[in-house]
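# Quick one: sequence plus predicted model below, questions after.
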Amino acid sequence: MTARPDVSLARPRSKLQLAFGREANLGDLAFRRITALFAGSVIVLLVWMALEMGLASKLSFARFGLGFVTSTDWDPVRDQYGSLPFVFGTVVSSLVALLIAVPISLGIAIYLSELAHPRLRTPIGFLVELLAAVPSVVYGLWGIFALAPWLRETVQPLLAKTLGFLPFFRGPQHGFGMLAGGIVLSIMITPTISSVSREVMRAVPAALREGAIGLGATRWEVVRVAVLPYARSGLVGATILGLGRALGETMAITMVIGNRAEISASLFAPSYTMASVIANEFTEATGRLYLSALAEVGLLLFAVTVVLNIFARLLVWRVGKLPEGGQL
Amino acid sequence: MFLGRRRLLVLAAGLTFACSKSSASTDKKPAGPAPIPSQPSPVALNGAGATFPNPLYSKWSAEYNKQFPNIRINYQSIGSGGGIRQIIAGTVDFGATDAPMKSDESQQAPGKLFHVPTTLGAVVLTYNLPGVTTGALKLSSEALADIYLGKVKKWNDPKIAADNQGAELPANDIGVIYRTDGSGTTNVFTDYLSAVSPEWKERVGAGKSVKWPVGLGAKGNEGVTGQVKTVPYSIGYTERAYATQNKLPMAELQNKAGKFVAPTTAAMSAAAEGVELPAELYVSLVNSAAEAAYPITGYTYLLVYADTKDPSKGEAMAKYLWWGLHEGQKFAEELDYAPLPPKVVTLVEGRLKELTAGGKKLL
């Protein structure tokens, strides 16, 4: 906090000052330019990618227009392409994943930053981060051979029996489907969310905790009153990172989600995601319209990601402005 | 550090080149029926395409390189679609595909492309029926089409039971499993269903990816077999090599002649003998009329330009294809493909003799 004014003082300098100023020697100038180039390359890359995909999807856009987004009919044999089931599958599977992963990750982060014995912190944190290093195809195989049978034989019958009155838990129980996809995704994003959340919580000033303890707060109250409000915007950011990974995941989810371009309220039903359909069909697609439609799915995935990220950014700003919210 | 290492690598590469050159010049093979490539300088041929014949093409590359060390053949199994796109763009020397090119695809190519049949493959139906131990399941074409149309829903449906007297078929729902990634396997399978079921042809059609009426999609042959293994009472289709290597049960299918046939290499070759190969050298083999034919069989093809600009590459290509057509066929069976029948070999020989480089005949 105290370092801030110095940094902001050092920044605004004219070009002249930069070129001839005391500290600004040639090396500094070059360093600044080179890093700016790196930063700029991200923007160039993004715009370029969007343009390329836009160009590639021109044919499909001209043919189907907005109907591409609203139609549910994806039929390569008849050259009919509608992407709504894929959008639905991507968004819903990612939300299911967040629903499962966020509470668990928060629990992991609170335990590791607030409650765990310092000696346990490192090994457990290491193990959680190790989950992130497991290749997604391994999660997919695990999904096929362990998760899906377990879901089919144990979880789905139980859910159907107890919560079967809800439309989400009805229909044939294959194991493979939206639920399996959401669970696999949730495991894959848990390390991301929990390790970022832990860092955010560790950054909460000790004085806040000490103050809360001094007022007679219990451990839970310290977390609730001092840590969580301060870390709030960072926690939202961690969730967004997880969401980003869930939206783009391809291999693991395509191995367990059932890959049917249909929209169903039931979590037991098979579904399909945007990233998966591109990965699955692109290599063997030859027709021009077909390729163009796949490119448009890519563009759409790009758009969905951008929209969700903007939405999340706004959320972070709002959360940051709330009275007890601390800045990071 | 890095520079040094790179230099070392270059040096090593140079050394291996030198070695291969010298070995090529010293141990000359006696002239056999196959023409010996005579280029003194090493030639690399790059190809890309279908995943289905990849084990065979890899074997061919390795064996050919052993016999003719100055020829290197690189094959990337990126999928038939990719193979077609790359040969049209001219980024590879040969393409490979399971489904013949469509006419609008051929028109995009800058030159005339030949289809060269290389081997025969089959698609088999594998299933998971706990408690049913009486030999292979027998499926009529009607039963199979109706399973994939969602009209036959239970294993004890009379359409299945009629051909499996004595087997205790359960009353469970059939878990239909299909392949979700675009593939030549799916193309052959849906081509077959279209050939035997007018309703399939009308509602779904044939293609590398189709809109399946029912079922669960799995990725790749390994995904299909994985799901069939883990979902009880399910059925799925894979390429034959995958099923035999994993010792999966394979259904016997009823062919056009009414016989129930297991997917053996003999039955695959029989399918090819039962269908006349037209002048363009590609044809669908599904539902072959031959008595002993397995009905879901297909050719796989290499795609090469009729005329090549680079004579040394063209010559190497032509000789490699010739080798594959003769010596190469003996590797087919051990890798679960079926060798081409003799009359097909004769037809392909004629086509290879038409290959030219700059207008000059190569063979």
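Sure thing, it's come through.

# CA atoms for contacts and neighbours, from now on please.
Noted.

# What helices and strands are in contact with the lengthiest strand in chain B?
Longest strand of chain B, by residue count under DSSP state E: strand B:113-128. Contacts defined by 3 or more Cα pairs under 8 Å, 6 or more residues apart in numbering or on different chains; DSSP states H and E place strand B:113-128 against helix B:184-196, helix B:220-230, strand B:234-239, helix B:240-245, helix B:265-273, strand B:297-305, helix B:342-352.

# Quick check: which of the ones you listed is nearest to chain A?
Nearest to chain A among the helices and strands packed on strand B:113-128 is helix B:220-230 (6.5 Å), distances taken as Cα to the nearest Cα.

# Endpoints of stretch B:301-309, how far apart?
One end of stretch B:301-309 sits 22 Å from the other (Cα to Cα, to the nearest Å).

# The nearest residue to residue A:152 once chain neighbours are set aside: how many residues sit nearby?
Spatial nearest neighbour of residue A:152, chain neighbours left out: residue A:175 (4.2 Å); criterion: Cα to Cα, 6 or more residues apart in numbering or on different chains. When neighbours are defined as other Cα atoms under 10 Å in any protein chain shown, residue A:175 has 30 of them.

# swap in residue B:77?
By other Cα under 10 Å, the burial measure for residue B:77, its neighbour count, is 21.

# and it, what is it in contact with?
By Cα atoms under 8 Å, 6 or more residues apart in numbering or on different chains, the residues touching residue B:77 are B:48-51, B:54.

# need the contact list for residue B:93.
B:45-47, B:87, B:304.

# Could you rerun that using 10 Å?
B:44-48, B:73-74, B:86-87, B:303-305, B:308, B:313-314, B:317 (Cα atoms under 10 Å, 6 or more residues apart in numbering or on different chains).

# pLDDT (mean, whole number) over stretch B:188-201?
The pLDDT scores in stretch B:188-201 average 96.

# Would you pull up the residue in the stretch 51-200 of chain A closest to chain B?
residue A:75 (5.2 Å).

# where does that residue fall, phi/psi-wise?
Main-chain dihedrals, residue A:75, degrees, to the nearest 10: phi -140, psi 90.

# Can you get me a residue count around residue A:120?
11.

# isn't it right next to residue A:114, touching?
No - between residue A:120 and residue A:114 there is no contact under Cα atoms under 10 Å: 11.8 Å.

# anything in the longest helix along chain A near chain B?
Assignment by DSSP state H gives helix A:288-321 as the longest helix of chain A. Yes - residues of helix A:288-321 contacting chain B under Cα under 10 Å from any Cα of the partner chain: residue A:288.

# Who are the contact partners of residue A:101?
By Cα under 10 Å, 6+ apart, residue A:101 lies in contact with A:95, A:107, A:182-183, A:185-194, A:239, A:242-243.

# To clarify, my last question referred to residue A:178.
A:89-90, A:92-94, A:96, A:184, A:253, A:256-259, A:264-273.

# ok, 7 Å please
Applying Cα atoms under 7 Å, 6 or more residues apart in numbering or on different chains, we find residue A:178 in contact with A:93, A:257, A:267-271.

# Now do stretch A:97-106, average pLDDT.
Stretch A:97-106 shows an average pLDDT of 95 in the prediction.

# One more: stretch A:317-328?
Over the span of stretch A:317-328, the pLDDT mean works out to 57.

# Next one: the residue nearest to residue A:152 from residue A:277, what distance?
Remark: distance between residue A:175 and residue A:277 (Cα to Cα) = 20 Å.

# same question, residue A:193
26 Å.

# Looking at these two, which is more packed in?
More crowded of residue A:193 and residue A:277, by other Cα under 10 Å: residue A:193, with 29 against 23.

# per-residue confidence at the more buried one?
Looking at residue A:193, the pLDDT reads 94.

# ok so, going back, single out the most deeply packed of the helices and strands packed on strand B:113-128.
Using mean count of other Cα atoms under 10 Å in any protein chain shown, the stretch among these with the largest mean neighbour count is strand B:297-305, at a mean of 26.

# now that strand against helix B:265-273, angle please.
Using axes from the mean of the first three to the mean of the last three Cα atoms, to 10 degrees, the inter-axis angle of strand B:297-305 relative to helix B:265-273 is 60 degrees.

# Toward the C-terminus from strand B:297-305, list the very next helix or strand.
Tracing the chain past strand B:297-305, the next element assigned as helix or strand by DSSP states H and E is strand B:307-308.

# got the residues of chain B near chain A?
Residues of chain B lying near chain A by Cα under 7 Å from any Cα of the partner chain: B:78-82, B:180-183, B:205-211, B:216-219, B:223, B:226-227, B:230.

# From the rest of the structure, what touches stretch B:150-158?
B:146-147, B:169-174, B:213-214.

# Turn these into JSON lines, including secondary structure.
Formatted as JSON lines, the contacts of stretch B:150-158 follow (DSSP: H, G, I helix; E, B strand; the rest coil):
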{"residue": "B:146", "secondary structure": "helix"}
{"residue": "B:147", "secondary structure": "helix"}
{"residue": "B:169", "secondary structure": "coil"}
{"residue": "B:170", "secondary structure": "coil"}
{"residue": "B:171", "secondary structure": "coil"}
{"residue": "B:172", "secondary structure": "coil"}
{"residue": "B:173", "secondary structure": "strand"}
{"residue": "B:174", "secondary structure": "coil"}
{"residue": "B:213", "secondary structure": "coil"}
{"residue": "B:214", "secondary structure": "coil"}
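
# which of these lies closest to chain A?
Among the contacts of stretch B:150-158, and counting by Cα to the nearest Cα, the member closest to chain A is residue B:214, at 8.7 Å.

# can you pull the contacts of that closest one?
Contacts for residue B:214 (Cα under 7 Å, 6+ apart) come out as B:148-150, B:176.

# what do you get if the cut-off is 6 Å, keeping everything else the same?
Neighbour list for residue B:214: residue B:150 [criterion: Cα atoms under 6 Å, 6 or more residues apart in numbering or on different chains].

# Contacts only, for residue B:265.
residue B:338.

# go again using 8 Å as the cut-off
Applying Cα under 8 Å, 6+ apart, we find residue B:265 in contact with B:333, B:336-339.

# same thing with residue A:264?
Residue A:264 sits next to residue A:271 when contact means Cα under 8 Å, 6+ apart.

# continuing past the helix-or-strand element of chain B with minimal mean pLDDT, what's the next helix or strand?
Within chain B, no helix or strand scores below helix B:2-26, which has a mean of 43 by mean pLDDT, DSSP states H and E. Remark: after helix B:2-26, the chain's next helix or strand is strand B:43-49, criterion DSSP H and E.
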